[in-house]
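Colleague: structure for the following, please:
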Amino acid sequence: MESKVSRRLKEPLAQEICEHIYGPRLARDFDRQFAWLTEVNEAHLLMLHKTGLVSPEVARKLASGLQQMEAEGPAAVELDPAREDPYFNYEAKLMTITGRDAGGRLHMARSRNDIAATIDRMRARTIVLDVLEALGRVRRIALERASTFAGTVMPGYTHLQPAQPITFGFYLSALAETLGRDMDRLEAALPRIDALPLGAGALAGTRFPIDRRVTADALGFGSLVHNTLDAVASRDFAWEAMSAMAITALTWGRVAQDFYVWSTPEFGLLSFPDRVASTSSIMPQKKNPAVLEYLRGKSAHVVGLLNTSLVTVKGTHFTHTGDSSRESMRSFWECCEETMRCLSLFELIVGSVEPRPSHMLRRVGLDFSVATDLADGLVAEAGLSFRDAHHVVGGLVRMALDAGHSAGELTSAMLDLAAADVIGRTIGWPEETLRQYLDPIQSVNARRNGGPAPSEVMLAVQRQLGHLETVLSAAKATRRRLEASRQQMKREIAALASA
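Modeller: Model prediction:
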């Protein structure tokens, strides 16, 4: 008994290889690759027909056979691991439909190497558009809620310590800015994905006078991978897109961490509806932020998938190999699936989180986050250098902490004591002047130039919405172009089949 796919091999595949490599690969990949493989076969057939590399009768038989296979679907193909992979199993079924001679002619001028590379790029092109649009949905809800909470004052933190007053809308606007760059990175990756490798053969192209532009047009590719070795050796388009997704994962993980802490009773700045919480099997009072924990964990998972894919390729030869071209892509598909799940959950979280405005404002009044404003006031109205003002206010805060006072309990007399200790003179401000610089709402309103002033946040939201629509419109245009190419190819195949 010989190999089912090659006369070079005088023995059938070992049962262990069928069981552990090709069997699982067929079970995992055949159904999801079937439609892509059909389209690649149709595009290649049209090119062979238009260049005269197959006779009209063979082209008609193949077109009819491909239509039949598409109509019957992947379930009609009896999968055999001894035929190795999805392609040989597909080809075997096609040959039973069209006859051995006609069916065997479709593989002219190509290899499984460039076929697999083409399917990878077609799948990647579609799923990157999916991720791009999912990012757009999260960004849109963040911008909508940034407008709603543009005036909701809260403490801003650095090193998890109270820093300066901001607004919750300002925070969400910052998140949206980051998501905008994530969208830009994915959009920038699309042209490098959208390049056709088909026609590269195994690595050195083909002697046949093919026309790769015909195939590219049929499959909607915007350009060609010009070097045939590069076409089968490289999957860097996937690593580029994965890198963008990993950066996005870091963002959703960091926001989840903020929300995780801010929703604790100790902070009490945020709350979530019960529909996004879990509970305890033993402690009746518990309301656990399970989704936030999931998002943090998946942030690490996505980063790990990128690292796994890169390490899989490290040390492989620069050509087609199973590990560099196939195994490394498993991490990519999983990364895309996990990213889509997490973006859906992230959209849920951003859309359902509720700030607690009164508690936020009370915390700002207690935690001395207006100290920088007071120092700025001493520079603007008392003529101090900023460094002296910094020392005076630092001394004032220390004095208040030692006496057990909050920021709202500071007085002009206390300010004079601190100033006398640092600069040897008093400030002499009336209480209303001091209160002006201790007011967190005034602090926020005064901070423009990209800061948390509500008017500034609203301008940022409008600017970002314009960018969002531009990117999503480009994605929709790409989808329309791909669908138009697909429909045109289907019409040509139908015409060829009925010729």
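
Colleague: hey, C-alpha coordinates of stretch 106-125 in PDB?
Modeller: In PDB, the C-alpha atoms belonging to stretch 106-125 read as follows (Å, rounded to 0.1, in the frame of the first residue of the first chain):
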ATOM      1  CA  LEU A 106      -6.700  22.600 -11.600                       C
ATOM      2  CA  HIS A 107      -3.400  22.300  -9.700                       C
ATOM      3  CA  MET A 108      -1.400  23.500 -12.700                       C
ATOM      4  CA  ALA A 109       1.000  26.400 -11.900                       C
ATOM      5  CA  ARG A 110       0.500  26.400  -8.100                       C
ATOM      6  CA  SER A 111       1.300  24.700  -4.800                       C
ATOM      7  CA  ARG A 112      -0.300  24.100  -1.500                       C
ATOM      8  CA  ASN A 113       2.200  26.600  -0.300                       C
ATOM      9  CA  ASP A 114       0.900  29.600  -2.200                       C
ATOM     10  CA  ILE A 115      -2.700  28.400  -1.800                       C
ATOM     11  CA  ALA A 116      -2.300  28.300   2.000                       C
ATOM     12  CA  ALA A 117      -0.700  31.700   2.000                       C
ATOM     13  CA  THR A 118      -3.500  33.100  -0.100                       C
ATOM     14  CA  ILE A 119      -6.200  31.700   2.200                       C
ATOM     15  CA  ASP A 120      -4.400  33.000   5.200                       C
ATOM     16  CA  ARG A 121      -4.400  36.500   3.700                       C
ATOM     17  CA  MET A 122      -8.100  36.300   2.700                       C
ATOM     18  CA  ARG A 123      -9.100  35.200   6.200                       C
ATOM     19  CA  ALA A 124      -6.900  37.700   7.900                       C
ATOM     20  CA  ARG A 125      -8.200  40.500   5.700                       C
END
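
Colleague: buried residues, it. List them.
Modeller: Residues 106-107, 109-125 are the ones in stretch 106-125 that count as buried (16 or more other CB atoms under 10 Å). (Each C-beta comes from the backbone N, C-alpha and C, glycine too.)

Colleague: now do it: distance to the chain's middle.
Modeller: Centroid separation for stretch 106-125 versus its chain: 25 Å, with CA atoms, centre = their mean, to the nearest Å.

Colleague: stretch 123-143 now?
Modeller: 7 Å.

Colleague: got it, and stretch 355-370?
Modeller: How far stretch 355-370 lies from its chain's middle: 34 Å, per CA atoms, centre = their mean.

Colleague: other residues contacting that stretch?
Modeller: Applying CB atoms under 8 Å, 6 or more residues apart in numbering, the contact partners of stretch 355-370 are 149, 152-156, 162-165, 168, 267-271, 397, 400, 406-408, 437-441, 443.

Colleague: from the residues you listed, which land in strands?
Modeller: 153-156, 162-165, 270-271 (DSSP state E).

Colleague: for these, which one is nearest residue 338?
Modeller: Closest to residue 338 out of the ones in strands among the contacts of stretch 355-370 is residue 270 (25.3 Å), distances taken as CB to CB.

Colleague: list the residues that contact the closest one.
Modeller: With contacts defined as CB under 8 Å, 6+ apart, residue 270 is in contact with 259, 262-263, 353-356.

Colleague: buried subset of the residues you listed, written for PyMOL?
Modeller: Of the contacts of residue 270, the buried ones go into a single PyMOL selection, burial set by 16+ other CB under 10 Å:
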select buried, resi 259+262+263+353+355+356
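
Colleague: which ones among the contacts of residue 270 lie within strands?
Modeller: 354-355.

Colleague: closest to residue 21 among the contacts of residue 270?
Modeller: Lowest distance from residue 21 to the contacts of residue 270 (CB to CB) belongs to residue 259, with 43.4 Å.

Colleague: surely the closest one meets residue 352?
Modeller: No - in this structure residue 259 lies outside contact range of residue 352 using CB atoms under 8 Å: 10.4 Å.

Colleague: now list whatever residues contact both of these two.
Modeller: Counting by CB under 8 Å, 6+ apart, the common neighbours of residue 259 and residue 352 are residue 272.

Colleague: what is the neighbour count of residue 169?
Modeller: Neighbour count of residue 169, defined by other CB atoms under 10 Å: 27.
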